Every structure is written in C-alpha cells, then in structure tokens.
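> quick one, what's the 3D model for this:
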Amino acid sequence: MNQPPKGYIKNSVIQVLDSYIASPKIFHLITISVLLVAVYHFIKLPILSFGDTDLWYHLNGGRYFFQNKEIPQSGFFSFIAGSREWSNYYWLFQALVYQIYTVFDYYGLIFFKAISYFITVLIISHMLLKGEKHDKQVLYFMALSILFCFGLIPRYFALLRPHILSYLFIPLSLYLLESRSKALIALPLLAILWSNFHGIEYPVFILMSICYLSEFFVGRLRNKTPLKREDLSYVIPIVLSMWSILLNPYGFALLETPFNLAEYQDQYIKELSHIKIGGFFTIKLYPFVDLMDTVFNALLIAAWIGCIKAVWVKRIRISHLMLLAGGLVLLMQAERFRYEAVLLALPVLKSHPLFSRADSIRGISKSLRVFIALILLSVSTIILHNLFKPEGKYPFSHSHLPRGVATFLNHIGRSGSILNNPEQGGYLQWVLNPRYKIFMDLQMVLFTDEDFFLATNALNQKDVLKKLLDKYNPSFIIEKVVNKKFRELIKDFPEYRAVFFDNTSVLYVNNKAYPKIAERYELTKIDPYTIMHVNVDNLSEERANTFLKELILLYGIYPEGALLNLKIGEIYKKKGDIDKALIHALAVIQNYPEFPAGYILKGDLLMKRKLFSEAISSYKKTLDHPTQGIKSALYKKLAISYSKIGQHNRAYNHMKKGVNIFSPNAGYRDLYRLGNMALMIGKIKEGAMLLRFAYYKTPHEETKFIEKIRKQLDGLRPYLNSRDNKL
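Now for the predicted structure:
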C-alpha cells in the first residue's frame, strides 16, 4: 500500500489555510467560529429562572396533553380558572418540550435551545453572506451576522419559550420568499407548523406574505403584464400558506388570540412595555449585558439608512419597504417585538448595505484579513464569555425557584388551594402534586388583569388580602422571602402559620384547614425573612440549639436547601464540630455552586483545621461573584490565609483591598492587622501610619490593646523621621 509522501498532511493543511486567507472565505470561517463559541456557551449553561417560570407551565401543558390525550385548553391547574377555556396557541411546543424532557431530561432542553439558536443564526448568516464575493462586502455582512448572533442571545439565555421557534420561522420564511425557487412549496407546511407551535405570531407571517404578494401584483399592474402560468408557482404557495394557518385545533378562533390579551399587561410584564424613542439611539458598549440594546439599535439604524438611500435613488423593493415599516409598527407596540422588527429588516440589510457595492471591489491584503479575523474572533469570544458568566447547578439551577416549598407540600401529601405569586405559578403547577391548585401563572390569555391585580395586591395590602381570603379561603399561601412587608401583613390573619421556607419563598398553612401540619411544623424560633443575615456566632448556646432543632426538622424534608445547610453548618462550626459543618458546606456548594456562602463557609472550616492553602482555594472561587458586599470580608479572609503560609506580599495586597482605611466603618483591629502586614514586607512608614490609625480608633477601655500598639510604635521610632514619629 502506497504511503503519502512525508509532510503531505502538513502541506495539505497549510494549502487549505492559505486558500482561506487568500480569499473572503476567512470571514465566513470567523462567522461560523463565533456562532459555535456562542453555541458552546449555551450548551454549558444550565436551565435558569430569573423571575420567569414560563418553561414549566409549557412542560405541564405537555404532560397534560400526553396523560389526557387532549390539548390543555382550560386552567386545569388553577382554582380560579378551572372552567375557563382558551385557544392554546402553543400546544405543539408544549408537546415537543415535554417529550424532549421525558427522554433526555433538562440536558435535552438545553440542546434543543442551543440547536434552535444555531440554526436560526445560521440561516440569517447564509441570507446575508449568500452571493457576496468581495472582501469588503463579505466583511460587512459578516459583521451584521455577528451582531445578530449577539442580539438574539437574551431571548435564548434563561428562557425556553415558543418564541424561539418564531425567530427561526421568520428568517426561514423570508429566505423562501426571497429565493422564489421550487423550495417555496414548503411555505404552507411552515405556516402549519408555525400556527401550532406559536400561533399568536400568525400576524407576522400574514404580514410577510402580503408584502411579497403586494409587490408581485403591483409590479404586474405597473408594467401591465398579464399573469403567466409560471407565476402561479410563486403566487399559489403564498396564498395557500396564508390559509394554512387555519389548520390548527381552533381554526378561525385562533385569529382572535392576539387581540384577546389582558388589556393592562404592558404595565406589569416588562417585555410588553413600550420602548421610548430615546431608546433607539442608546449606545452602551459596557457592561456587556447592556450591549444587546446597542446591537439592535445598530441593526435597525443600518436598515433604515439603507432604506432611505434606496428610496432616494428609487431602488427600494415594495416588499422590503413594507417589511421594514411593518416591523416598526410592531416595535411601537411592545419591547418584545424588537426581535421581530430586526428580523423583518433582514431583506433591507442584505439588499442595501451602508456602502456602495461598486466601492468594495478592491481587495484586502492577506495580513489585514488575518488581523481583522483574529480581532473579531477574540473580541467576540471575550464578550460571549462575560455574557454567560452567571451559572448554577447543571443541568438545572433552581436558585430562584420555590423548590423547597414545593418539596414540603408534596411531602405532607395533602391537597388544597394555594395563593401564590404569579411569577412562580409556572413552576409550582409543574412540580406540585396535581391535587394542589394554584391561584394563577402568567398566561395572560387565560388570566385577566383583575386576577393579577388581586394576586399581587393581596400579598402587599391588607384590605385586598382580607377580601381575597374571605372569598377563596386558600389552604396555603406562598410568598417571596424578599417581601418583608408580607411578614407584618399576615400577622393580622393568625389562622395562617409559617411552616416552611427555602431560598426564595415562605409557606403558610391555614391552621383551620390543616391544624396538625401547623402544630408540627410552625416556625416559632426562626424568622425566614431574616435568617440569611443572622450571625450565628453572636447567638447564645441556648438560642443556637433551638435554631438547630427547627432547622434539622426542615432539613429532613429538604436536604438540598441552601439556607438550611448554610445555617446548620454555621451552628456546627460554632459548636466546634468541623466534620458535620463541612458536610453542610459541601451540600451548599454541590447544589448551589453559584452561591458564594458555601465556599466561604468551607474556607472558614478549613482555616480552623489550619489547612490554609485549601482555604485560599475555596475563598478564591467566590471572587468573581457579582455580589460586591461580600468582597471586603473575603479579601480579609484571604489576607489572613496568605499570612499564615508566609506569603506576606499577597497577604498585604489582599488586606489592602479589603480595608478602606478612610472609611468610618473600618475596624481598628483590621487597621492594626493591615499595618502589621505592611511592616512584614518592609513598608515601615506605611505600617506605622496604619498602627497610628488603629490607635486612634481603639476604644479607651481596650487598655491592653492600646498599650500593645504604643510599644510597637516605640520600637519603630529609630526607623522613622520626626514627622512620622509621633501619635
């Protein structure tokens, strides 16, 4: 068998790379590379929830569909909406995500989200780059593709909703309509899928169809050209697709859905609020989270400038102008339509770039191509890395969900009605035993403004709560732990007793409905609203023991709880039982890796065992956490740890970050410690100054400490001049 010549593979690779560098193909390669980096981050990102639990009511709807062999079209999970009927315009999406979850768990949902994003951006990039041959053209459309890559991220980041399929169907439909090829025959099938996956978006599909049909017939009328037989292969699929949207379980009833939403929901659902005019001209490059607004503005402004130029020279296509105008009308309705608006601008962005194509023929040198490619890839990678920083337990992070409360309700095995915060309704209906019925979620086609008003105001206003309790007499109430106002409010209704809490929520049981549960689990020693901030070291031994007893009871039901494990661990640390404390610290880290308190507790315990290097490693894992309030204490802990292992320069540098020496809140012992760390690395003048600062702040009753500082300063006198040698 003939062997390839020596160096053949190496030379072949070099030739391929050189062919890419020598042509605009390198910019195609960079576009795909940036997209793949984004997809990689999506696959690494667990399923999250930041106040939006829509995914779980979709999963619950899918479960209902397969268990009952019928589409869920009532509020079967709600005690106020059980008899209401509505057009479930995303029933097929619910069935799909539930099947994915059933087979592949949350891993499958993560992949589904990532692949949907990948295909959507790939179609957009193909539309923009198709047919472009010259360097400057390809570079421009590559930049637009990368902007779309960034711009769509927020809609996929923590959410998995039917919108992501609409964002796929829009560019796919535009591609078919623009191509005017035989593939247009697939348009009716696309319309059927769209109307069943996310039927409320049918007006966008109708808009696109009307735009292209209008252009076609206006052209025929303007040129007085009769309709030819071959034209039917273009017209018929579009007309059929417009009728195909009616092929859904609700037929014509679906057409009313976009206009039957709650009237005032734009006041309480952020994405439905109106965009202010000034928002279109916002430019924010940092922090990267705010970059997305700039990306959208850049794409829309580029589209409108290109459109105006084309109108000026009378070269604009009617369909493109109508699409851009239609997107603007949508954008004026609500903030969420910025995605539809910018996707509808695709044909204008492609046909009318900001430069003249005649000016872009001159090529770019190889070295400049490589430089531009590397800069774009590097910058994009840095931005993506920072955008995807918040992480949690993989594949599902439940940090912001009432998981513990739901676990408790399922544990006691009862049934009943639950007054809940609407934001948590999606998750509660999914995870709770179906014998429980919640008040509402945020499906505002099913629920009304009055429902939302009652739910939110009842949890914040006594008179509303009284009227709601008199009317419905719910068995349980769940409210977010951040709402400390509710703690005072519920005291006027003593029949409700707090019996459980988790990271996010507090559960109250109606003592009249379930007296035995209230008697067994009522929280008498712990205040769920303040437990996070209780300094266990300041508790008396008796108080710590009563805390521990109540915490252990709850821990037995919900051993994953972050707050439960953290406080139990802190109490064991106070008692000197390091082994038990470490078990609970590790439980926090395992279940809530994004929660810094777990690493800090572990570090404290390792310090007590004199394992200073391991303690440093644990502390350092929290430094990038966005919670700035912990950093001062963290730097001090790191400084002490470094000092213990003889790394005095690092000890000094970290202590300096942890102590603002001019702050009135700076403690005298911290100033003293920082001063000594300065002395350890030869900063005599600075160390003496800090010791004097500590002396000034030391309370007069601390006579021994004052004398200690005086003696130390006396010992430094020979090394200081007269100006620095006095108190």
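> report how many residues lie close to the residue nearest to residue 503 when sequence neighbours are not counted.
Closest residue in space to residue 503, ignoring its immediate chain neighbours: residue 562 at 5.1 Å, by C-beta to C-beta, 6 or more residues apart in numbering. To be clear about C-beta, it is placed using only N, CA and C from the backbone, and glycine gets the same treatment. Using other C-beta atoms under 10 Å, residue 562 is surrounded by 22 other residues.
> ok, residue 562 to residue 438 distance?
24 Å (C-beta to C-beta, to the nearest Å).
> wait, isn't the residue nearest to residue 503 in contact with residue 593?
No: in this structure, residue 562 is not within contact of residue 593 by C-beta atoms under 8 Å, at 10.6 Å.
> and the helices in the stretch 301-450 of the chain, which stretches?
318-333, 338-344, 346-351, 366-387, 403-412, 425-431, 449-458 (DSSP state H, counting those that start in this stretch).
> looking at these, which is nearest to residue 49?
Of all these, helix 425-431 sits nearest to residue 49, with 6.9 Å by C-beta to C-beta.
> what segments of the stretch 401-550 of the chain are strands?
416-420, 436-438, 476-480, 496-501, 505-510 (DSSP state E, counting those that start in this stretch).
> the fourth one versus strand 416-420: what angle between them?
Think strand 496-501. Angle, strand 496-501 to strand 416-420, by axes from the mean of the first three to the mean of the last three C-alpha atoms, to 10 degrees: 80 degrees.
> from the contact counts, what lies against strand 496-501?
helix 403-412, strand 505-510, helix 515-521 (3 or more C-beta pairs under 8 Å, 6 or more residues apart in numbering; DSSP states H and E).
> which strands border the second one, and is each parallel or antiparallel?
Partners of strand 505-510 in the sheet, by DSSP bridges, are strand 476-480 (antiparallel), strand 496-501 (antiparallel).
> now render the ones you listed as JSON lines, adding mean pLDDT.
Converted to JSON lines, the strands paired with strand 505-510 look like this (pLDDT from 0 to 100):
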{"stretch": "strand 476-480", "mean pLDDT": "97"}
{"stretch": "strand 496-501", "mean pLDDT": "97"}
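> want to try a markdown table for those, with mean neighbour count and distance to residue 647 as columns?
Listed next are the strands paired with strand 505-510 as a markdown table, based on neighbours: other C-beta atoms under 10 Å; distance: least, C-beta to C-beta, whole Å:
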| stretch | mean neighbour count | distance to residue 647 |
| --- | --- | --- |
| strand 476-480 | 24 | 43 |
| strand 496-501 | 24 | 41 |
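> quick one: closest of these to residue 119.
strand 476-480 (36.9 Å).
> do you know how far residue 565 is from residue 585?
7 Å.
> swap in residue 555?
Counting by C-beta to C-beta, the gap from residue 555 to residue 585 is 14 Å.
> who touches both of these two?
residue 565 (C-beta atoms under 8 Å, 6 or more residues apart in numbering).
> residue contacts, the residue nearest the centre of the chain?
Closest residue to the average C-alpha location of the chain: residue 158 at 3.8 Å, with C-alpha atoms, centre = their mean. Contacts for residue 158 were tallied using C-beta under 8 Å, 6+ apart; they are 48, 49, 50, 52.
> same question, residue 490
Here residue 490 is in contact with 465, 477, 496, 498, 508 (criterion: C-beta under 8 Å, 6+ apart).
> how many other residues sit next to the residue nearest to the first one when sequence neighbours are not counted?
This means residue 465. Spatial nearest neighbour of residue 465, excluding adjacent residues (C-beta to C-beta, 6+ apart): residue 458 at 4.3 Å. Using other C-beta under 10 Å, residue 458 has 24 neighbouring residues.
> do the same with residue 589
Going by other C-beta under 10 Å, the residues that sit close to residue 589 add up to 22.
> pLDDT score assigned to residue 597?
Here, the pLDDT recorded for residue 597 equals 91.
> for it, identify the helix or strand it belongs to.
Using DSSP states H and E, residue 597 maps to helix 596-608.
> going along the chain from that helix, find the next helix or strand for me.
Toward the C-terminal end, the helix or strand that comes next after helix 596-608 (DSSP H and E) is helix 612-620.
> who are the packing partners of that next one?
Applying 3+ C-beta pairs under 8 Å, 6+ apart, one finds that helix 612-620 contacts helix 596-608, helix 631-644.
> now do 10 Å
If you count contacts as 3 or more C-beta pairs under 10 Å, 6 or more residues apart in numbering; DSSP states H and E, helix 612-620 packs onto helix 596-608, helix 631-644, helix 648-658.
> average pLDDT for the second one?
Helix 631-644 carries an average pLDDT of 92.
> now do the shortest one
When pLDDT is averaged along helix 648-658, the result is 94.
> and the next helix or strand after that helix with helix 631-644, angle?
Downstream of helix 648-658, the next assigned helix or strand under DSSP H and E is helix 668-680. Relative orientation of helix 668-680 versus helix 631-644 (the same axes, to 10 degrees): 40 degrees.
> show me what counts as buried in helix 668-680.
In terms of neighbour count (16 or more other C-beta atoms under 10 Å), helix 668-680 has its buried residues at 668, 670, 671, 672, 673, 674, 675, 676, 677, 678, 679.
> take those residues and write them to TSV, including pLDDT.
Below are those laid out as TSV (pLDDT from 0 to 100):
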residue	pLDDT
668	94
670	94
671	95
672	94
673	95
674	95
675	93
676	94
677	95
678	94
679	93
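> of those residues, closest to residue 447?
Nearest to residue 447, judged by C-beta to C-beta, of those is residue 670 at 53.0 Å.
> so what's the closest one closest to, chain neighbours aside?
residue 659 (4.8 Å).
> right, and the helix or strand after the longest helix along the chain?
Counting by DSSP state H, the longest helix found in the chain is helix 91-129. The helix or strand immediately downstream of helix 91-129 is helix 135-151, counting by DSSP H and E.
> quick one, that following helix and helix 91-129 angle?
160 degrees.
> elements contacting helix 135-151?
helix 25-44, helix 91-129, helix 291-312, helix 338-344, helix 346-351, helix 366-387.
> correct me if wrong: residue 177 contacts residue 237.
Yes: Residue 177 is within contact range of residue 237, at 9.4 Å (criterion: C-beta atoms under 10 Å).
> pick the most deeply packed of the helices and strands packed on strand 496-501.
Of all these, strand 505-510 has the most neighbours on average by mean count of other C-beta atoms under 10 Å, namely a mean of 25.
> now that strand against helix 403-412, angle please.
30 degrees.
> residue numbering should commence at 845 henceforth.
Right, with 845 as the first residue, what we last looked at is strand 1349-1354.
> and strand 1349-1354, how far out from the chain's middle?
27 Å (C-alpha atoms, centre = their mean, to the nearest Å).
> and that strand, C-alpha only, in CSV?
What follows is strand 1349-1354, C-alpha atoms only, in CSV (Å, rounded to 0.1, in the frame of the first residue of the first chain):
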residue,chain,number,x,y,z
SER,A,1349,-40.2,31.7,49.5
VAL,A,1350,-42.1,31.2,52.7
LEU,A,1351,-45.0,28.8,53.0
TYR,A,1352,-48.0,29.5,55.2
VAL,A,1353,-50.7,26.9,56.1
ASN,A,1354,-54.3,27.6,57.0
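> sorry, back to before: so which of the strands of the stretch 1245-1394 of the chain gets nearest residue 1391?
Closest to residue 1391 of the strands of the stretch 1245-1394 of the chain, according to C-beta to C-beta: strand 1340-1345, at 13.2 Å.
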